[in-house]
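> Next input, structure requested:
(chains A, B, C and D)
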2 protein chains.
Amino acid sequence: MDPEWNDNQPIYRQIRDRVVAMILDDLLKEGDPLPSVRNVATESRVNPLTVLKAYQELADDGLVEKRRGLGMFVSPGAKGQLLAGERRKFLDEQWPQIRATIQRLGLAAELLGKEG
Amino acid sequence: MDPEWNDNQPIYRQIRDRVVAMILDDLLKEGDPLPSVRNVATESRVNPLTVLKAYQELADDGLVEKRRGLGMFVSPGAKGQLLAGERRKFLDEQWPQIRATIQRLGLAAELLGKEG
DNA sequence: GTTGGTGTTATACTTATCTATAACACTAGG
DNA sequence: CCTAGTGTTATAGATAAGTATAACACCAAC
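Here you go, the predicted structure:
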């Protein structure tokens, strides 16, 4: 594996986003256990603390639940919460900039369809 | 001014991107002087070294030319170079992830047009 | 109780980013 | 020469991100 890291973003945020993507893609259903901190750390050749930091953010957002000695599990309602929250975050914070970049590069017709 | 900074990205990169945007939008034409390091630093309430780092990247990429004692000026061919380079970078590195996010959030129809 | 799987915490170090302050080097204009 | 505008460099410190090691705490199964 070792899906190379993107230098534009801290690793712990990329791990966090990867889990979010797995939940939205139904690769992780509600109640499923997350890949363990140690496993992710070993397979991605990253420090366990870095993984923990990513998972901690997920727990703080109420997306996963920790059960000491057992692991971390996708919370009930996680996917719904994500669809709402991530949508708003994406539309408010990221899309306007992305759209501006697309216009600037003259890629609107190609990427967004004729009417943009 | 003081266009607040985005925490997702280092300031020096945001300054760099701002200049790139100005060139692409024809707010800075080839041969025009860039806002001076000291000016940007003062108005944006940022350290001169941070601005210098952004400008240094632009110079390393051949987009601007330094004339000691005078300032920094947009290189001839800068816009064309940007349209090519930034397009490739955007299409190769950013757009695939952005597109995946859009699909994941079920925003394809809304943002990309019916056929996506 | 022991083992092996979880998450958790502590210490110490490296690196990148950003800041604060000051000084240096070059150029045009008086 | 002097001044005021450029870019440039040096030193030092603050904070965040990531690493390396090690140890601790909890739970299930043998």
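
> Pull up the residues of chain A that are close to DNA strand C.
Within chain A, the residues that sit near DNA strand C (CB under 7 Å from any atom of the strand) are A:34, A:36-39, A:48-49, A:52, A:55-56, A:59, A:66, A:68-72. All C-beta spots, glycine's among them, are computed from the backbone N, C-alpha and C.

> Identify the residue nearest the closest residue to chain B within chain A in space, chain neighbours excluded?
With CB to the nearest CB, the shortest gap between chain A and chain B falls at residue A:113, namely 3.2 Å. Leaving aside its sequence neighbours, residue A:113 sits nearest to residue B:113 (CB to CB, 6 or more residues apart in numbering or on different chains; 3.2 Å).

> Which pLDDT value goes with that neighbour?
What the model reports for residue B:113 is a pLDDT of 79.

> host element of the residue most central in space within chain A?
Residue closest to the mean C-alpha point of chain A, counted by CA atoms, centre = their mean, is residue A:17 at 1.5 Å. Using DSSP states H and E, residue A:17 sits within helix A:11-24.

> what comes up buried for that helix?
A:11-12, A:14-17, A:19-24 (16 or more other CB atoms under 10 Å in any protein chain shown).

> ok, and does that helix reach over to chain B?
Yes. Remark: helix A:11-24 sits within contact range of chain B at A:21, A:24, by CB under 8 Å from any CB of the partner chain.

> Show me what that helix is packed up against.
Taking 3 or more CB pairs under 8 Å, 6 or more residues apart in numbering or on different chains; DSSP states H and E as the contact definition, the neighbouring helices and strands of helix A:11-24 are helix A:48-60, helix A:78-89, helix B:95-104.

> Could you see whether DNA strand D lies near that helix?
Yes. If you take CB under 7 Å from any atom of the strand as the test, helix A:11-24 does meet DNA strand D, through A:11-13.

> returning to what we had before: among the residues of chain A next to DNA strand C, name the buried ones.
Those of these that meet the buried threshold are A:34, A:37, A:52, A:55-56, A:72, by 16+ other CB under 10 Å.

> how about the helices and strands packed on helix A:11-24, which one is nearest residue B:5?
Shortest distance between residue B:5 and the helices and strands packed on helix A:11-24, using CB to CB, is found for helix A:78-89: 17.5 Å.

> Run through who's touching the closest one.
Helix A:78-89 is contacted by residues A:20, A:23-24, A:26, A:30, A:61-64, A:75, B:105-107 when judged by CB atoms under 8 Å, 6 or more residues apart in numbering or on different chains.

> Pull the contacting residues for the closest residue in space to residue A:52 that isn't next to it in sequence.
If the residues on either side of it in the chain are set aside, residue A:52 comes closest to residue A:37, at 5.5 Å by CB to CB, 6+ apart. With contact set as CB under 8 Å, 6+ apart, residue A:37 has these partners: A:48, A:51-52, A:55, A:72.

> where does the residue in chain A positioned nearest to DNA strand D fall, phi/psi-wise?
The nearest approach of chain A to DNA strand D comes at residue A:69, 2.4 Å away (CB to the nearest atom of the strand). The phi and psi values for residue A:69, taken as degrees, to the nearest 10, are phi 90, psi -10.

> quick one: residue A:66 from residue A:81, how far?
17 Å (CB to CB, to the nearest Å).

> ok, now residue A:20?
Using CB to CB, we find residue A:20 at a distance of 11 Å from residue A:81.

> what sits in contact with each of these two?
Joint contacts of residue A:20 and residue A:81 (CB under 8 Å, 6+ apart) are residue A:63.

> My read is that residue A:22 contacts residue A:28, right?
Yes. Between residue A:22 and residue A:28 there is a contact at 4.4 Å, judged by CB atoms under 8 Å.
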